[in-house]
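Peer 1: Provide a 3D model corresponding to the input given below.
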Amino acid sequence: MRMADAIVTGSEKRQLSYIEEFDRVLGGGFVTGSLVLIGGDPGIGKSTLMLHAALNQAGTGQGVLYWSGEESVHQVQLRARRLAPPQRELWVVAESCLDNLELLLAEHDIDFLVIDSIQSIYRSEHGSSPGSLQQVREITAYLMRLAKTRGLTVIIIGHVTKEGNIAGPKMLEHMVDAVLYFEGERQHSYRILRAVKNRFGSTNEIGVFTMTDEGLQEVPNPSELFLAERSQQGSGSTVTALVEGSRPLLVEIQALVTQTTFQNPRRLANGFDPNRLAMLLAVLEKRLGLPIGLSDAYVNVAGGIRISEPAVDLAVALALWSSFREKGLDHQALVLGEVGLTGEVRGVQHLERRLREGAKLGFTRAMVPMRQEALAIPGMQLIGVRHLAEATQRYG
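Peer 2: Numbers count the residues shown, from 1 in each chain. Alright, predicted model coming up:
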């Protein structure tokens with residue numbers, strides 16, 4: 001036991017993963033002595049990402065142990081050859097029982113440990129099967145003690161259930177220092193890494209990757225990726241900008257309003273809050289007199305991005321209006337603004353950062369709240385609006 005004033009404090013020591021997008025989400029790299037949980041759907045690329053990070057750590061001369069409870073040593077070796085030069089020394093164990101872990105840590109002077117995955121390993125002293133609540137809880141507590149007492153950086157890989165939670169008890173997330181989610185649709189090549197808990201950094205940053213034959217590749221400019229297949233014709237499409245941490249992202253909002261064949265019209269949203277969609281539909285009907293109540297309405301954020309901020313309200317509302325009226329919109333304009341229940345367009349945060357990202361990708365106009373129209377962005381004309389009705393008149 002030590003007196004609190006006798007403990008030497010200072011900035012935490014970090015280890016870079018040498019994967020820029022990964023380090024961005026972590027807040028500058030792995031903190032030495034931390035326990036990090038990375039979760040995601042099976043097959044999404046968690047093991048590939050962590051094997052790449054482990055190989056990079058081995059390349060710096062650190063002792064790295066990759067403990068695989070799901071794949072053989074040969075399988076891990078084949079994947080490693082695609083990711084990094086073969087001369088890097090990485091210790092690999094293909095074993096479900098974790099009883100010999102401390103012996104191996106001491107024998108090979110390990111600094112960095114990856115457990116793949118928490119559902120596939122067990123300790124014999126607990127008696128229950130791998131993946132059980134007791135095993136997951138006790139092994140996580142055991143790994144936390146190892147990380148803190150040995151100054152060992154430990155990464156746990158965990159699968160996500162159909163409900164969207166990391167398999168095992170929800171309390172697992174409270175036992176670790178950081179929880180990262182690796183998200184993406186199997187039908188798309190991109191993957192998004194985001195933090196939902198981070199004791200040593202922000203939880204607002206995201207990292208964007210794309211899956212290739214050679215493994216995961218970083219995407220330095222995600223906006224170009226999300227707008228790459230955007231159609232320049234037709235109705236029901238707008239472009240808006242959101243901010244994830246320090247990074248602005250341009251995304252396409254797609255809307256489809258069509259006559260319903262059901263007694264109760266359908267309201268479906270992919271990547272957007274369904275409750276906010278219902279609110280915007282009500283505003284369009286009440287404040288603009290748009291007879292949209294008996295129509296099916298669908299909203300999609302192209303590329304699979306999930307949006308939670310109200311700054312995209314105006315873009316969603318205009319996309320819905322455009323689809324209903326079958327009227328094309330200005331495809332060289334960004335749309336930004338929060339919409340209130342009376343139809344007023346409210347200001348948004350970090351507007352300059354969003355607009356500069358749009359100007360960089362060739363957008364020459366932007367519809368913004370009237371009180372923020374005075375902002376000067378080189379090469380971009382700002383169109384200020386006070387009300388949703390005014391926006392529909394000016395954005396066509």
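
Peer 1: quick check, Glu102 in a strand?
Peer 2: No - read with DSSP: H, G, I helix; E, B strand; the rest coil, Glu102 is helix and lies in no strand.

Peer 1: sec struct for the nearest residue to it once chain neighbours are set aside, please.
Peer 2: Using CB to CB, 6 or more residues apart in numbering and skipping the chain neighbours, the partner closest in space to Glu102 is Leu146 (7.3 Å). In this view, the C-beta of every residue, glycine as well, is placed from N, C-alpha and C. Following three-state DSSP, the label given to Leu146 is helix.

Peer 1: from Val160, how far out is Leu146?
Peer 2: Per CB to CB, to the nearest Å, Leu146 is found 25 Å from Val160.

Peer 1: for this protein, what's the longest strand?
Peer 2: For the chain, the strand with the greatest residue count under DSSP state E is strand 247-259.

Peer 1: check contacts around the residue nearest to Glu102.
Peer 2: Contacts for Leu146 were tallied using CB atoms under 8 Å, 6 or more residues apart in numbering; they are Leu101, Glu102, Leu105, Leu113, Leu152, Val154.

Peer 1: strands of the stretch 1-150 of the chain, start to end?
Peer 2: Taking DSSP state E, counting those that start in this stretch, the strands of the stretch 1-150 of the chain run over residues 14-15, 30-31, 35-40, 64-68, 91-94, 112-116.

Peer 1: do you know which of those lies nearest Glu344?
Peer 2: Glu344 lies closest to strand 35-40 among the strands of the stretch 1-150 of the chain, at 39.8 Å (CB to CB).

Peer 1: who's in contact with the closest one?
Peer 2: So strand 35-40 is contacted by 26, 30, 46, 49-50, 118, 140, 143-144, 147, 153-160, 166, 172-173, 175-184 (CB under 8 Å, 6+ apart).

Peer 1: ok, now with 6 Å
Peer 2: For strand 35-40, contacts defined as CB atoms under 6 Å, 6 or more residues apart in numbering pick out 46, 143-144, 147, 154-158, 160, 166, 176-182.

Peer 1: keep only those of those that are in strands.
Peer 2: Mapping those onto strands (DSSP E) picks out Val154, Ile155, Ile156, Ile157, Gly158, Ala178, Val179, Leu180, Tyr181, Phe182.

Peer 1: what's the burial count for the second one?
Peer 2: Burial of Ile155, expressed as a neighbour count using other CB atoms under 10 Å, amounts to 27.

Peer 1: I am finished for the moment; much appreciated.
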